[in-house]
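**Student:** please work out how this folds:
(one chain, ligands or ions: 2)
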Amino acid sequence: MKQRALLLVDLQNDFCAGGALAVAEGDSTVEVANTLIRWCAARGEPVVATQDWHPANHGSFASQHAVPPFSQGELDGLAQTFWPDHCVQHSEGAELHPLLETSGIDFIVHKGENPAIDSYSAFFDNGQRQQTALDGWLKAQQVNELIVLGLATDYCVKFTVLDALKLGYQVNVITDGCRGVNIQPGDSTSAFMAMSAAGATLYTLADWVETQA
Ligand code: VGL
Ligand code: ZN
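**Tutor:** Ligands and ions are numbered 1, 2, ... in the order given. The predicted structure is shown next:
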């Protein structure tokens, strides 16, 4: 018996137009998300959203190390891209996009709260040291299949999908509901290929709606 949930990754102001870490066309994912929120509501399938939720002194912020944003370095022994300050807890930039139909969201997961380590995946931090509440919540609802979309394709979507597959979920990625940072051109394409190679199935929204019962 398959029990699905929709997982919306980091649909936050800071990843959208005008935000601190704006992703090209980030806002365009919200309409796809809203369509799927309604689609899931009509089927009684739960909807989960994640929020990148950093303290103001988070170690992934370039400002904490006096290095340029988007430079590479190390944080707590792990390779780290240093980011502009973004998604600071309780800031407007950390809020979910104002057009997202949040009344349809059943559970919210915060990640990246520990200043010493980054957390791209919605399930684990980047060192796989600590788990969020997400897997427990999904298992409690008997969820074994996920529909995933969000921001950013090449970071939080990718690592969330790879961890979900490792945890045994069947994973469907809605590609037109995702946009990437693309520090290197093609990073988003590579991320979709990595997700697919690891076992995720990629759909456009139109394909998903057409092929699923
Ligand atoms: C993300 C970079 C830094 C993401 C979060 O949501 O993909 N990317 N923090
Ligand atoms: Zn972050």
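
**Student:** state the phi and psi torsions of the residue in the chain that ligand 2 sits nearest to.
**Tutor:** Per Cβ to the ion, D52 is where the chain lies closest to ligand 2, at 4.2 Å. For every residue, glycine as well, the C-beta is placed using N, CA and C. Note on D52: backbone dihedrals following degrees, to the nearest 10 are phi -70, psi 130.

**Student:** that one is in contact with H86, isn't it?
**Tutor:** Yes. With contact defined as Cβ atoms under 8 Å, D52 and H86 form a contacting pair (7.0 Å).

**Student:** between the two, which one's more packed in?
**Tutor:** Legend: neighbour count by other Cβ atoms under 10 Å for D52 and H86, higher for D52 (31 against 24).

**Student:** residues in the chain within reach of ligand 1, list them.
**Tutor:** Within reach of ligand 1 by Cβ under 6 Å from any ligand atom, the chain has these residues: 10, 52, 83, 120, 151-152, 155-156.

**Student:** just give me the closest of the residues you listed to E210.
**Tutor:** L151 (24.7 Å; Cβ to Cβ).

**Student:** who's that closest one bridged to?
**Tutor:** For L151, the beta-bridge partners are R179 (DSSP bridges).

**Student:** list the contacts for it?
**Tutor:** The neighbours of L151, taking Cβ atoms under 8 Å, 6 or more residues apart in numbering as the test, are 9-12, 15-16, 23, 26, 29, 157, 178-179.

**Student:** shared neighbours, D52 and H86?
**Tutor:** Common neighbours of D52 and H86, using Cβ under 8 Å, 6+ apart, are D14.

**Student:** could the residues of the chain next to ligand 1 go into CSV alongside pLDDT?
**Tutor:** Shown next, in CSV, are these (pLDDT from 0 to 100):
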residue, pLDDT
D10, 98
D52, 98
W83, 98
Y120, 98
L151, 98
A152, 98
Y155, 98
C156, 98
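
**Student:** Q12 and G19 touch, don't they?
**Tutor:** Yes. Using Cβ under 8 Å, Q12 makes contact with G19 at a distance of 7.4 Å.

**Student:** near ligand 2, which residues of the protein show up?
**Tutor:** Within the chain, the positions lying close to ligand 2 (Cβ under 5 Å from the ion) are 52, 112.

**Student:** pLDDT weak spots in the chain?
**Tutor:** For the chain, no stretch is flagged by pLDDT under 70.

**Student:** in it, which spans are helices?
**Tutor:** Using DSSP state H, the helices of the chain run over 28-43, 134-140, 158-166, 187-197, 205-211.

**Student:** could those helices be laid out in CSV, adding mean neighbour count?
**Tutor:** Below are the helices of the chain laid out as CSV (neighbours: other Cβ atoms under 10 Å):
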stretch, mean neighbour count
helix 28-43, 18
helix 134-140, 16
helix 158-166, 23
helix 187-197, 17
helix 205-211, 14
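
**Student:** S91: which of the ones you listed is closest?
**Tutor:** Among these, helix 28-43 sits nearest to S91 (Cβ to Cβ), with 19.0 Å.
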